[in-house]
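> Sequence first, then the predicted structure, then my questions.
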Amino acid sequence: MDSFTNKSEKIESNNYLRIWSSLTVSRKNFWGLFNSSKIENSWFEQIEESLILSDVGAQLSKEITTDLKLQIQKDYQITDQNLGRDKLLKIIQNKLEKLKIENNFTKAPTIIMIVGVNGSGKTTSIGKLAYFFKKMGKKVLLAAGDTFRAAAQEQLIHWGNTNGINVIFQKDGDPAAIAFDSTKAAVARKSDVLIVDTAGRLPTQLHLMEELKKIKKVISKALPQSPHHIWLTLDGGTGQSVLNQVAAFHDALDLSGIIITKLDGSAKGGMLLALSNKYKIPVRFVGLGENIDDLEEFNPATSAEALIGKKT
Ligand SMILES: Nc1nc2c(ncn2[C@@H]2O[C@H](COP(=O)(O)OP(=O)(O)O)[C@@H](O)[C@H]2O)c(=O)[nH]1
Ligand SMILES: [Mg+2]
């Protein structure tokens, strides 16, 4: 029992450190705002500005700041910025909690389709997810459904080889046919999880959005009630414009999850708040680098703290 507790605590703190080190750019915006023993009116303006600079969006930044101000005015105990920070943290955390869901993949096979714009991290995330599921003891199968670029299939085959996982691909194949065959194969081979890669596309490319709907449909023909999940990858550095991507993909496909990638780069993370304000689509995972284990399940408390910084 003891060794188990120690181990899980260690994992928890590792996760914490990784998310913490990822959002430095956002945190910098809040530097020096939690030191003073007095809260002046200008402090609220600075908080609002820092939220905007962290990609939270102008309107939501205003709402959060107004809420913060009201709460602080009501609570006479709060006199210094450090206590004000605690209130801000709670407001942010509460919003992020709306994006959290317990990942639960008990159906076998669970079919997961990954969609998103070019370069948003679909194939890389699939590689990391394969590793994640394999570590859980699950039998994983991958489908190289990005037939648009030959290199994309090779990239997935590489990820498969790294993990000792089978990848289904067809040279010059049709993505819907690959998705159909892979789903049948996942059933026949008694796989626990099948992850289907797709070619990147812009939501404005309507014929390509139709193609995704077709892929979804043929998967359901191969196995009724599937795909069980359709997840959208979003580049964490994209800022506010991700909302348009979410709207279009959700409209077409009824998403059941989002993966925010590249939070380790210059991403500010504020778009998480923007998402929580507008959608009820859970953030399943966050990508924190290019290595196979650079993927974490989304954690609202850790992310909130990483966004604004620790107590001073
Ligand atoms: N730093 C970093 N790079 C990432 C992450 N996820 C993907 N990438 C990189 O982003 C680029 C595009 O990724 P890819 O998976 O090919 O995108 P796709 O076109 O959506 O399949 C590649 O160079 C990846 O290595 C991440 O979480 N962090
Ligand atoms: Mg790809």
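Alright, I've got the coordinates. Ligands and ions are numbered 1, 2, ... in the order given.
> what kind of secondary structure is the residue in the chain positioned nearest to ligand 2 in?
Relative to ligand 2, the nearest point of the chain is residue 123 (3.3 Å; C-beta to the ion). Bear in mind the C-beta positions are built from the backbone N, C-alpha and C, glycine included. Of the three states, residue 123 takes helix under DSSP: H, G, I helix; E, B strand; the rest coil.
> Give me the number of neighbouring residues for it.
26 (other C-beta atoms under 10 Å).
> The chain should start at 50 in everything you say after this.
Yep, numbering from 50; the last one is residue 172 now.
> which residues does it contact?
Residue 172 sits next to 195, 201, 204-205, 208, 246 when contact means C-beta atoms under 8 Å, 6 or more residues apart in numbering.
> same thing but 7 Å
Residue 172 makes contacts with 195, 201, 204-205, 246, as judged by C-beta atoms under 7 Å, 6 or more residues apart in numbering.
> Which residue, other than its chain neighbours, is closest to it?
Excluding the flanking residues, the one nearest residue 172 by C-beta to C-beta, 6 or more residues apart in numbering is residue 204, at 5.0 Å.
> Distance check, residue 124 against ligand 1.
For residue 124, the distance to ligand 1 equals 39 Å [C-beta to the nearest ligand atom, to the nearest Å].
> Could you do residue 316 as well?
Counting by C-beta to the nearest ligand atom, the separation of residue 316 from ligand 1 is 9 Å.
> Now for that residue, how many residues are close by?
Using other C-beta under 10 Å, residue 316 is surrounded by 28 other residues.
> What is the three-state secondary structure of it?
At residue 316 the chain is in coil, as set by three-state DSSP.
> any idea what sits nearest it, other than its immediate chain neighbours?
Excluding its sequence neighbours, the residue lying closest to residue 316 (C-beta to C-beta, 6+ apart) is residue 285, at 3.3 Å.
> now the helix or strand containing the residue nearest to residue 172: mean pLDDT?
In this assignment (DSSP states H and E), residue 204 forms part of helix 199-212. When pLDDT is averaged along helix 199-212, the result is 90.
> Tell me if that helix is near ligand 2.
Yes. For helix 199-212 and ligand 2, the contact criterion (C-beta under 5 Å from the ion) is met by residue 201.
> Report all helices and strands that that helix contacts.
Counting by 3 or more C-beta pairs under 7 Å, 6 or more residues apart in numbering; DSSP states H and E, the packing neighbours recorded for helix 199-212 are helix 171-184, strand 215-217.
> For ligand 1, find the nearest of the ones you listed.
With C-beta to the nearest ligand atom as the measure, helix 171-184 is the member of those nearest ligand 1 (3.3 Å).
> before we move on, the earlier item: highest mean neighbour count out of the helices and strands packed on helix 199-212?
Ranked by mean neighbour count, those are led by helix 171-184 with a mean of 23 (mean count of other C-beta atoms under 10 Å).
> and that helix, anywhere near ligand 1?
Yes. Using C-beta under 6 Å from any ligand atom, we find that helix 171-184 touches ligand 1 at 171-173.
> Who are the packing partners of whatever helix or strand comes next after that helix?
Moving toward the C-terminus from helix 171-184, the next helix or strand (DSSP H and E) is strand 189-192. Applying 3+ C-beta pairs under 7 Å, 6+ apart, we find strand 189-192 packed against helix 171-184, strand 215-217, helix 224-237, strand 242-245.
> Please name the strands paired to the last one in the sheet, noting orientation.
It refers to strand 242-245. Looking at strand 242-245 with DSSP bridges, its partner strands are strand 159-164 (parallel), strand 189-192 (parallel).
> name the helices or strands packed onto the helix or strand containing residue 132?
Secondary structure assignment for residue 132, by DSSP H and E: helix 130-146. The contact analysis (3+ C-beta pairs under 7 Å, 6+ apart) places helix 130-146 against helix 107-123, helix 319-327, helix 349-357.
> Where do the strands of the stretch 250-361 of the chain begin and end?
For the stretch 250-361 of the chain, the strands defined by DSSP state E, counting those that start in this stretch occupy 278-284, 306-310, 332-336, 344-346.
> Can you tell me which of these is nearest to residue 98?
With C-beta to C-beta, the closest approach to residue 98 among those belongs to strand 306-310: 23.5 Å.
> Each with direction, which strands does that closest one pair with?
Note on strand 306-310: by DSSP bridges, its sheet partners are strand 278-284 (parallel), strand 332-336 (parallel).
> where does the residue at the greatest distance from the centre of the chain land on pLDDT?
Of all residues in the chain, residue 125 has its C-alpha farthest from the mean position, at 37.9 Å, by C-alpha atoms, centre = their mean. Residue 125 carries a pLDDT value of 83.
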